[in-house]
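1. the following block contains a protein sequence and its predicted model.
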Amino acid sequence: QAEDGIRDQPRSRGLGDVYKRQILNTSFIFQPIMHKLIPIFFLSILISVHSQDTNKKGLSDDYKDYFMIGTIYHGAVLGNDNHNLNQKKEFEITNREFNAITAENCMKPMYLIDENGAYDFEESDAFVAYAQSNGLTIIGHTLVWKNSAPDWFFKGDDGKVVSRDVLIQRLEAYIETVVTRYKGKIAYWDVVNEAVDIYRTKDGQKYAKLKPTPWHDIIGDDYIKIAYEAAHRADPDCKLLYNDFNMYQKEKIDFIIAMVKNLRAQGVPIHGIGSQGHMFMQHPLLEEVEYWLKACSKANIPLHITEMDISVLPNAWKHKGASVEDRFDLAAEFNPYSKGVPERVLKQQARRYKALFKLFLKYSANVERVTFWGVWDGNSWRNYLPMPVSYTHLRAHETEADLVCRILLEKKKGGGGGGGGGGG
């Protein structure tokens, strides 16, 4: 779940011509039309204002002809172990604005199974029940990821590393148990998460390959094949995705596409690719983003933007684990908006979203979903990774930031269609 070192945290409308959209520090937040700047405390309510049809649902309704618009289920306990005090409001926002939902943490192995092998489905059952009762398309996240598997998965009673056969048995049993429980309820599973990384040769040339993980080191390359086949046996109708970060890197997306095509040629059921989309104001470049959009479209592999957010803060991953409260030398550089984000910065962020969504629309024939990794900034994982920051994420200013939805109106006026060469 990442860009440039960002990793998925372990615990971690009808087209009216008047919209007022507020976009906060890291993710989408929307505000109704007002006539002056006001402070917004606690949870900002996502409200769409339409000049013509006030019965439309929200953002997902705007994009219903192009792709699903999703968000995440933060859960009762957040990735930083804090209790979620705003879940009721999050549900109100989600029900109005989105038509797809991903489990942020509650379906990761470390949340579902303890050190004794006992399963706890209380939170994941609540997630699925909520999504079903509100007609949301459900994405399970994630079955196989090196950062979320309990250590005992890979060890025997003697504390030593288990054999390949034992680990395959454990992998298949876990996938069968979890996927079967939600058979017919979950539309998509992120089966394998973040298995590929970029490396350099001695002369500095970049290349991609499967990264070392306990799954890979013990089972070998075919752990991925085994995982998808197990998930498909457990729920043959569920669509299975491969999910990863930094797909703007040419070497990485090229490797992933080749891997997916090779597995498909062997009869392995992989429906599509999930590209996470944790971005910054200037990075990655738009041409880099378009490269992987075009590459997936050309390969005829459906694409999901699975974990999108755009941080206005500088990229601080080289200081992972540091605290700006303790490292005052880092505060000025990496926590510049402790007293609030200036309106000009929010407008820059809105323009960044607009530029990206124009690309998503251009390739909408191959893009099935865009999911924002967070209902609101206050519960965003970016508040505690790569380092804790104390900026005023509960307060923002109204801004004329309806750009993301206005591009749909521009698209229709221009007559551009969705899909690989369409305009946006």
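-> Right, received. Where do you want to start?
2. every contact and neighbour count from this point should use C-alpha atoms.
-> Will do.
3. for Asn335, see how far away Tyr248 is.
-> Using C-alpha to C-alpha, to the nearest Å, we find Tyr248 at a distance of 26 Å from Asn335.
4. repeat that for Phe280.
-> According to C-alpha to C-alpha, Phe280 stands 14 Å off from Asn335.
5. following the helix or strand hosting Ile257, which helix or strand shows up next?
-> In this assignment (DSSP states H and E), Ile257 forms part of helix 250-265. Using DSSP H and E, the helix or strand that follows helix 250-265 towards the C-terminus is strand 272-275.
6. helices or strands next to that next one in the packing?
-> Judged by 3 or more C-alpha pairs under 8 Å, 6 or more residues apart in numbering; DSSP states H and E, the packing partners of strand 272-275 are strand 239-244, strand 303-311.
7. so which of those strands is the most surrounded?
-> The highest mean neighbour count among the helices and strands packed on strand 272-275, using mean count of other C-alpha atoms under 10 Å, belongs to strand 239-244: a mean of 26.
8. can you tell which of the helices and strands packed on strand 272-275 is closest to Val375?
-> strand 303-311 (10.5 Å; C-alpha to C-alpha).
9. now the strand or helix carrying Ala131: buried residues?
-> Ala131 belongs to helix 122-133 when assigned by DSSP H and E. Residues of helix 122-133 classed as buried: 123-124, 127-128, 131 (neighbour count, 16 or more other C-alpha atoms under 10 Å).
10. how far does it sit from the chain's center?
-> 19 Å (C-alpha atoms, centre = their mean, to the nearest Å).
11. the helix or strand following it pairs with which strands?
-> On the C-terminal side of helix 122-133, the closest following helix or strand by DSSP H and E is strand 137-144. Strand pairing for strand 137-144, determined by DSSP bridges: strand 100-103 (parallel), strand 188-193 (parallel).
12. dump these to TSV, plus mean pLDDT and mean neighbour count.
-> As requested, these are exported to TSV (pLDDT from 0 to 100; neighbours: other C-alpha atoms under 10 Å):
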stretch	mean pLDDT	mean neighbour count
strand 100-103	96	25
strand 188-193	98	22
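13. adding distance to Asp244, write those out as a markdown table.
-> Below are the strands paired with strand 137-144 laid out as a markdown table (distance: least, C-alpha to C-alpha, whole Å):
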| stretch | distance to Asp244 |
| --- | --- |
| strand 100-103 | 15 |
| strand 188-193 | 6 |
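14. so which of these is nearest Lys362?
-> strand 100-103 (21.1 Å).
15. now stretch 133-142: buried residues?
-> 136-142.
16. now Asp235. Its backbone dihedrals?
-> phi -150, psi 90 (degrees, to the nearest 10).
17. hmm, it is touching Thr177, no?
-> No: applying C-alpha atoms under 8 Å, one finds Asp235 not in contact with Thr177, separated by 10.9 Å.
18. ok, the two, which is more surrounded?
-> Asp235 (20 against 13; other C-alpha atoms under 10 Å).
19. for the closest residue to the more buried one other than its chain neighbours, grab the count of nearby residues.
-> Excluding the flanking residues, the one nearest Asp235 by C-alpha to C-alpha, 6 or more residues apart in numbering is Lys183, at 5.5 Å. Using other C-alpha under 10 Å, Lys183 has 15 other residues around it.
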